[in-house]
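**Q** Sharing a model prediction with you, sequence too.
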Amino acid sequence: MASLQHSLTARGRRLARELRAHRESAGMTLDQAAAALGWNRFKLGRIESGKTRATAADVGRILDLYGTEDSVQAALLQLAREAGRRGWWTAYSGVFTGGYVSLEDEAAEIRTYHVQLIPGLLQTEDYARAVISAGTPGDPDEVNKRLHARMARKTLLSRPDPPRLKAVLAESALRQLIGGPQVMQGQLTELGRAAQRPNVEIRALPYTVGARAGVEGSFVILRYLDPLDLDIAYSEGIYGNVYIEGADHVARCNAEFDDIWDAALDEEQSTALITAIAAEL
């Protein structure tokens with residue numbers, strides 16, 4: 001498990017792995033390759049670890065050194081160009097720090113479990129405003145900027161090629177009174193509408209489940225279509241954001257999510273619980 005400041009997309013992560021694999025296939029150590037390129041070891045190491053984005057020119061020089069065949073070079077150069085493309089989120093660079101949104105934008109499936117709050121992708125504008133205002137008191141301009149960014153991010157679920165969202169919401173998140181009864185009622189109603197989308201599944205984890213699942217807190221798992229793009233697990237908190245990329249750790253997160261998903265109410269029962277909580281308001 002590691003806390004990282006990600007600036008790379010899924011394509012960038014794949015490119016980094018490919019460059020390292022081609023160096024190893026060429027029988028060169030990191031020091032040997034860096035020296036042949038006229039670089040220091042630190043620069044090439046950061047490119048291979050995904051901490052620095054390689055330009056297309058850098059990739060071309062690296063692959064020429066390794067003697068990579070032309071067809072593979074062409075594919076990896078295209079990957080380098082795509083990895084460096086500007087996404088919609090760059091317009092909100094002061095809001096979105098790190099690279100989570102870019103990784104989320106390329107995911108084929110998003111698996112998320114939330115204990116205290118409704119996840120951002122499912123928040124109404126009023127609910128989101130209340131959450132953001134609590135974290136940014138006394139600064140309406142900053143609240144509006146962050147609110148606009150969050151609403152833009154939500155369109156991910158309604159674009160022509162949306163990812164699949166599987167969300168489990170603890171009953172505590174459904175009952176946490178954010179923004180007052182009217183705002184919360186609107187948010188719960190919106191969950192029902194969101195669950196009608198073919199790419200969205202929402203389940204509720206009731207209090208009665210106890211400590212059998214989900215006791216370690218909220219987290220997200222991003223999954224990708226290309227098998228070369230490995231799953232990433234992600235969690236955020238007051239002390240920073242944590243990206244979990246090791247295969248064993250991510251497998252454990254997926255197993256934990258599966259347990260939570262199975263322990264939760266099915267979609268029909270979840271809708272009934274959400275509707276009942278909204279009625280209480």
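**A** Looks like it came in fine. Residues are numbered from 1 along each chain as shown.

**Q** For burial, what's the neighbour tally of residue 56?
**A** With neighbours defined by other Cβ atoms under 10 Å, the count for residue 56 comes to 16. No exception for glycine: its C-beta is placed from N, CA and C like everyone else's.

**Q** Could you report the separation of it from residue 68?
**A** 14 Å (Cβ to Cβ, to the nearest Å).

**Q** Over to residue 265?
**A** Using Cβ to Cβ, residue 265 is found at 52 Å from residue 68.

**Q** The two: which has the busier surroundings?
**A** Neighbour count, other Cβ under 10 Å: between residue 265 and residue 68, residue 68 has more, with 22 against 19.

**Q** Can you give me the pLDDT of the more buried one?
**A** Here, the pLDDT recorded for residue 68 equals 91.

**Q** element containing the closest residue to it other than its chain neighbours?
**A** Nearest non-adjacent residue to residue 68, counting by Cβ to Cβ, 6 or more residues apart in numbering: residue 22, 5.6 Å away. Element membership of residue 22, judged by DSSP states H and E, is helix 10-25.

**Q** do residue 167 as well
**A** Per DSSP H and E: strand 164-170 holds residue 167.

**Q** Tell me the strands beside that strand, with direction?
**A** strand 109-114 (parallel), strand 200-205 (parallel) (DSSP bridges).

**Q** Can you give me the buried ones in the first one?
**A** By that I understand strand 109-114. Buried residues in strand 109-114, counted by 16 or more other Cβ atoms under 10 Å: 110, 111, 112, 113, 114.

**Q** still on that earlier bit, need the strands paired with strand 164-170 in TSV (columns: distance to residue 245 and mean pLDDT).
**A** As requested, the strands paired with strand 164-170 are exported to TSV (distance: least, Cβ to Cβ, whole Å; pLDDT from 0 to 100):
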stretch	distance to residue 245	mean pLDDT
strand 109-114	15	96
strand 200-205	25	97
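
**Q** Tabulate the ones you listed (TSV), appending distance to residue 30.
**A** Below are those laid out as TSV (distance: least, Cβ to Cβ, whole Å):
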stretch	distance to residue 30
strand 109-114	34
strand 200-205	44
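
**Q** Please name whichever of those strands is nearest to residue 49.
**A** strand 109-114 (25.0 Å; Cβ to Cβ).

**Q** Toward the C-terminus from the closest one, list the very next helix or strand.
**A** helix 125-135.

**Q** can you list contacts of that following helix?
**A** For helix 125-135, contacts defined as Cβ atoms under 8 Å, 6 or more residues apart in numbering pick out 117-118, 120, 123, 143, 146-147, 150-151, 178-180, 183-184, 186-187.

**Q** Now restrict the residues you listed to buried residues only.
**A** By 16+ other Cβ under 10 Å, these give 117-118, 120, 123, 143, 146-147, 150, 178-179, 183-184, 186-187 as buried.

**Q** Show me the shaky parts of the stretch 151-281 of the chain.
**A** 211-214, 238-240 (pLDDT under 70).

**Q** which residues in it form strands?
**A** Along the stretch 151-281 of the chain, counting by DSSP state E, counting those that start in this stretch, strands occupy 164-170, 200-205, 219-223, 232-237, 240-244.

**Q** between the strands paired with strand 164-170, which one is nearest to residue 75?
**A** strand 109-114 (24.7 Å).

**Q** what does that closest one contact?
**A** Outside strand 109-114, the residues that touch it by Cβ under 8 Å, 6+ apart are 104, 119, 121, 163-170, 173, 205, 214, 218-223, 254, 257, 260.

**Q** switch to 7 Å and redo it
**A** With contacts defined as Cβ atoms under 7 Å, 6 or more residues apart in numbering, strand 109-114 is touched by 104, 119, 163-170, 173, 214, 218-223, 257, 260.
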